[in-house]
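Undergrad: Sequence plus the predicted model coming up.
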Amino acid sequence: MNSRGQAYSTFKLLIAAIVAVAVLYILMSILGMIPNIGGDIGTTTRNMIQKQADSLGALETTPSAVSFNGGSNLAPSALVGTTGLSADQICLHKGDQVDNTNLEIQGKTLRNAGTNALQVKVSVTCNYSKDLVSSLEEMGFDDVAGSLNDSESGVCDCPLDEESNKKCCVVILKYA
């Protein structure tokens, strides 16, 4: 056999190995054995809040899905980071996932009580508390604005009245 034929066989073997790894990754992702490439919800949300805390009235949504691992929770105190905000200035809302029975509000946290990771997109907006509800309504989040303090769909300790001028951020979950 000439040398060209041997190189072609090696190339075919390399292609077969790459295809096998890709198929294995897809199967393991479907079975939930490996985390999504998009990252985990805590780190992603904390970074988004740090970015949005200075961009009042703007909305940022993750471009791809992030993993909300089964049995884990999203707590405002863990999302504060270096924003200068306190935990009572961060509101959490189930958003599109309001009917998901695996998502529970426990005290001041949002918990994935299921065993599998949920793939969600995260939206974050910040504004002064007196303007937050109207800002959410302008962005098309009427359901969120009306139920921020509803114990079934959201948790928010930020004072949402006309008198308050406190900076507040809202984290909203969306379908991926």
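TA: Yep, it's here.
Undergrad: can we go C-alpha only for contacts and neighbour counts from here?
TA: Will do.
Undergrad: list the buried ones in the longest helix seen in the chain?
TA: Looking across the chain with DSSP state H, the single longest helix is helix 3-31. For helix 3-31, the buried set under the neighbour-count rule, 16 or more other CA atoms under 10 Å, is empty.
Undergrad: can you dump the C-alpha coordinates of the next helix-or-strand element following it into PDB?
TA: Using DSSP states H and E, the helix or strand that follows helix 3-31 in sequence is helix 41-52. C-alpha atoms of helix 41-52 as PDB (Å, rounded to 0.1, in the frame of the first residue of the first chain):
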ATOM      1  CA  ILE A  41     -27.200  29.700  37.800                       C
ATOM      2  CA  GLY A  42     -25.600  31.100  40.900                       C
ATOM      3  CA  THR A  43     -22.400  32.300  39.300                       C
ATOM      4  CA  THR A  44     -24.100  33.600  36.100                       C
ATOM      5  CA  THR A  45     -26.700  35.500  38.100                       C
ATOM      6  CA  ARG A  46     -24.200  37.100  40.500                       C
ATOM      7  CA  ASN A  47     -22.200  38.300  37.500                       C
ATOM      8  CA  MET A  48     -25.300  39.700  35.800                       C
ATOM      9  CA  ILE A  49     -26.400  41.600  39.000                       C
ATOM     10  CA  GLN A  50     -22.900  43.100  39.300                       C
ATOM     11  CA  LYS A  51     -23.100  44.300  35.700                       C
ATOM     12  CA  GLN A  52     -26.800  45.500  35.900                       C
END
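Undergrad: And the next helix or strand after helix 41-52, what does it pack against?
TA: The C-terminal neighbour of helix 41-52 among helices and strands, as given by DSSP H and E, is strand 59-61. If contacts are counted by 3 or more CA pairs under 8 Å, 6 or more residues apart in numbering; DSSP states H and E, strand 59-61 sits against helix 41-52, strand 118-128.
Undergrad: Tell me, how many residues neighbour Phe68?
TA: 25 (other CA atoms under 10 Å).
Undergrad: residue contacts, it?
TA: Asp40, Ile41, Asn112, Ala117, Leu118, Gln119, Val120 (CA atoms under 8 Å, 6 or more residues apart in numbering).
Undergrad: From the recorded domain assignment, give the ranges for this protein.
TA: With domains defined by automatic domain parsing, the chain comprises 1-34, 41-175.
Undergrad: weakest of those by average pLDDT?
TA: Note on those: domain 1-34 shows the lowest mean pLDDT, a mean of 76.
Undergrad: Can you verify Thr83 is assigned to a helix?
TA: No. Going by DSSP: H, G, I helix; E, B strand; the rest coil, the assignment for Thr83 is coil, not a helix.
Undergrad: What does it show for phi and psi?
TA: Backbone torsions for Thr83, taken as degrees, to the nearest 10, come to phi -80, psi -20.
Undergrad: Same question for Val133.
TA: Residue torsions, per degrees, to the nearest 10, at Val133 are phi -60, psi -50.
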